[in-house]
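>>> Fold the following for me, if possible:
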Amino acid sequence: MPAAGPLSPAGYQAELTRIDQVLAGPTRALTRVRTAEGLSEAMSTLAESLNTIAIRLSALTVTSRLTGVHALLQERVGVAATRLTSSVEKTEEDARCGGTAYTSQKVQRQLRADLSTALVQLQRVKLTFGRTLPDPGPAPKQVRPDNGDVLVRRDLEGMGRLKITNGTTKDVAISIVSDGKPPGTPQVMVYLRATQSATVNQIGGAYRLYFKSGTDWDAEHRKFRADCSFKKFDQTFGKNQAWQVNLQPRPGGNADTTEVEAY
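Okay, the predicted model is just below:
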């Protein structure tokens with residue numbers, strides 16, 4: 001039980017060390033998840049632990065020298081707990097498109113960021129907290145392709161031509177897939193930035209049009225790591241013809257789309 005009187009720096013440090021151990025299990029679990037569902041469960045558990053810690057901190061009284069940093073730590077712990085709770089559903093969705101390990105690392109970085117101001121202030125008064133927080137390292141550098149960059153071009157070529165307008169607010173990767181082939185094996189994949197257009201020439205044969213949108217492009221795996229969605233145009237596009245499509249649905253448009261599984 002915490003002492004009844006105001007805690008000295010040494011007494012407060014002892015409390016912080018004990019609280020750190022409360023976090024050890026939930027934060028370790030965050031680094032070991034293997035599925036999107038496991039990640040959401042770990043986030044929920046960690047949020048509960050942070051809320052418990054916030055209550056525990058509120059029961060402490062400290063010397064006047066520590067009042068400011070103590071209040072800041074309570075605030076930042078509450079912010080971290082609220083963010084975890086509110087982002088569980090979205091993070092689970094991101095893990096399905098960007099990968100569980102990568103998405104978990106983003107959560108870990110955000111946790112450190114939410115607590116960072118309090119950790120810095122504690123260090124200034126020679127106190128430590130957060131030793132059990134995972135450290136995934138810096139975020140990988142994001143390389144956003146230029147508009148119209150061709151990401152895949154396979155051997156098949158013909159007389160087909162397609163102008164694509166991305167009327168949405170998100171970047172997209174367009175896959176031109178020969179009719180009957182799975183979306184993961186396009187003859188052409190082209191990158192369109194938000195609100196931009198591009199034209200693809202020399203398309204071979206009849207094809208279907210798939211597109212995935214999102215943020216945080218993964219160049220190695222040619223996919224978005226966050227906010228992703230996957231769709232296809234319902235119609236088949238005839239061979240050796242010129243077509244124009246707009247990815248932003250408009251009244252009177254005649255090209256329906258359908259949600260598809262991630263590819």
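
>>> What is the neighbour count of residue 70?
Residue crowding around residue 70 was assessed by other C-beta atoms under 10 Å; the count is 24. The C-beta positions use only the backbone N, C-alpha and C, and glycine is treated the same way.

>>> Correct me if wrong: it contacts residue 59.
No. Contact criterion C-beta atoms under 8 Å: residue 70 and residue 59 do not qualify, at 11.4 Å.

>>> Please report phi then psi for residue 6.
Main-chain torsions, residue 6, degrees, to the nearest 10: phi -60, psi 140.

>>> Could you check how far it is from residue 20?
Distance, residue 6 to residue 20, by C-beta to C-beta, to the nearest Å: 21 Å.

>>> before we move on, what about residue 74?
Residue 74 sits 15 Å away from residue 20, taking C-beta to C-beta as the criterion.

>>> any idea how this protein splits into domains?
9-124, 150-259 (automatic domain parsing).

>>> Quick check: which of the ones you listed is nearest to residue 132?
For the domains of the chain, distance to residue 132 was read as C-beta to C-beta. The smallest value, 4.1 Å, belongs to domain 9-124.

>>> returning to that earlier point: wait, which of the domains of the chain is closest to residue 142?
With respect to residue 142, and counting by C-beta to C-beta, the nearest of those is domain 150-259 at 6.2 Å.

>>> can you give me the strands for the stretch 101-250 of the chain?
Secondary structure of the stretch 101-250 of the chain (DSSP state E, counting those that start in this stretch): strands located at 150-153, 160-165, 171-178, 188-192, 197-203, 207-218, 223-233, 242-246.

>>> Need the nearest residue in space to residue 97, chain neighbours excluded.
Spatial nearest neighbour of residue 97, chain neighbours left out: residue 228 (3.7 Å); criterion: C-beta to C-beta, 6 or more residues apart in numbering.

>>> What residues does that neighbour make contact with?
Residue 228 makes contacts with 93-94, 97-98, 212-214, 262, as judged by C-beta atoms under 8 Å, 6 or more residues apart in numbering.

>>> For residue 169, see how far away it is.
Note on residue 228: its distance to residue 169, by C-beta to C-beta, is 14 Å.

>>> where does the stretch 151-263 of the chain have low pLDDT?
Within the stretch 151-263 of the chain, the set of residues satisfying pLDDT under 70 comprises 249-254.

>>> mind running it again at 80?
155-156, 249-255 (pLDDT under 80).

>>> For this structure, which segments count as helices?
Shown for the chain, the helices assigned by DSSP state H span residues 9-31, 36-58, 67-86, 88-98, 100-124.
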